[in-house]
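Participant: with the sequence up front, the predicted model follows.
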Amino acid sequence: MKRLLVFLIAVGFIWRISGIIMAANNDNQQVTIMVVAVNELAVTGGNITLTINTATAGSGLNNATDTTCALDWTTNSSTNKKVTGQLDTDYSAGISLAVSVTVTGGNGVSAGQQTLISASAVDLVTGMHNEFVSANTLGYTASAPTASPATNTKTVTYTIIDQ
């Protein structure tokens, strides 16, 4: 009986060692990386106030400008994208807001100064593709040549879309 027990222990020990010896010393795994369409846009610089408070005698009120904000974007699209701007609602009669983007790099091309209205989006930058660009100066110009004193706060929405 002792011999049978020793024999069974020996067989079990050998079987266990052979299992370890036969174990693979490497393995593999597939890793899939998916890159999806990315189009991101950010305005930096916070909210601004444009104050029209001067005029030249015999002429309308002077415009107020601000260039302290910036527009940043990232797109991995191989087809052209554009940035549009649009007001949520129009300013009071006689008051208007124009926006321009000074492009600092990448493929994008500025459309120059564009007056924003609520009825439709206006192209501000075109031709953007496969790029990430930051610190593009966002310039605002408020004009109100003969407007009466008023305070109007509106929201400008910037959107990156297919061109």
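Facilitator: Looks like it came in fine. Keep in mind that what you see is a predicted model, and the values were worked out from it rather than measured.
Participant: could you report the neighbour count for the nearest residue to residue 114 once chain neighbours are set aside?
Facilitator: In space, and not counting its chain neighbours, residue 114 is closest to residue 122: 4.5 Å by Cβ to Cβ, 6 or more residues apart in numbering. In short, each C-beta sits where N, CA and C put it, glycine included. Around residue 122 there are 17 other residues, counting by other Cβ atoms under 10 Å.
Participant: dump the residue contacts of residue 122.
Facilitator: Neighbour list for residue 122: 84, 85, 86, 99, 111, 114, 115, 116 [criterion: Cβ atoms under 8 Å, 6 or more residues apart in numbering].
Participant: which among those count as buried?
Facilitator: Buried members of the contacts of residue 122, scored by 16 or more other Cβ atoms under 10 Å, are 84, 85, 86, 99, 111, 114, 116.
Participant: which one of those is nearest residue 48?
Facilitator: Of all those, residue 48 sits closest to residue 99, with 11.3 Å by Cβ to Cβ.
Participant: so how far is residue 121 from that closest one?
Facilitator: 12 Å (Cβ to Cβ, to the nearest Å).
Participant: secondary structure of residue 9: a strand, I assume?
Facilitator: No - read with DSSP: H, G, I helix; E, B strand; the rest coil, residue 9 is helix and lies in no strand.
Participant: next, count neighbours for it.
Facilitator: Neighbours of residue 9 using other Cβ under 10 Å come to 10.
Participant: residue contacts, it?
Facilitator: Taking Cβ under 8 Å, 6+ apart, one finds nothing in contact with residue 9.
Participant: what's near enough to touch the residue nearest to the spatial centre of the chain?
Facilitator: In the chain, the centroid-proximal residue (Cα atoms, centre = their mean) is residue 41; its distance is 1.9 Å. Residue 41 makes contact with 71, 72, 73, 83, 158, 159, 160, according to Cβ under 8 Å, 6+ apart.
Participant: and with 6 Å instead?
Facilitator: Counting by Cβ atoms under 6 Å, 6 or more residues apart in numbering, residue 41 touches 73, 158, 160.
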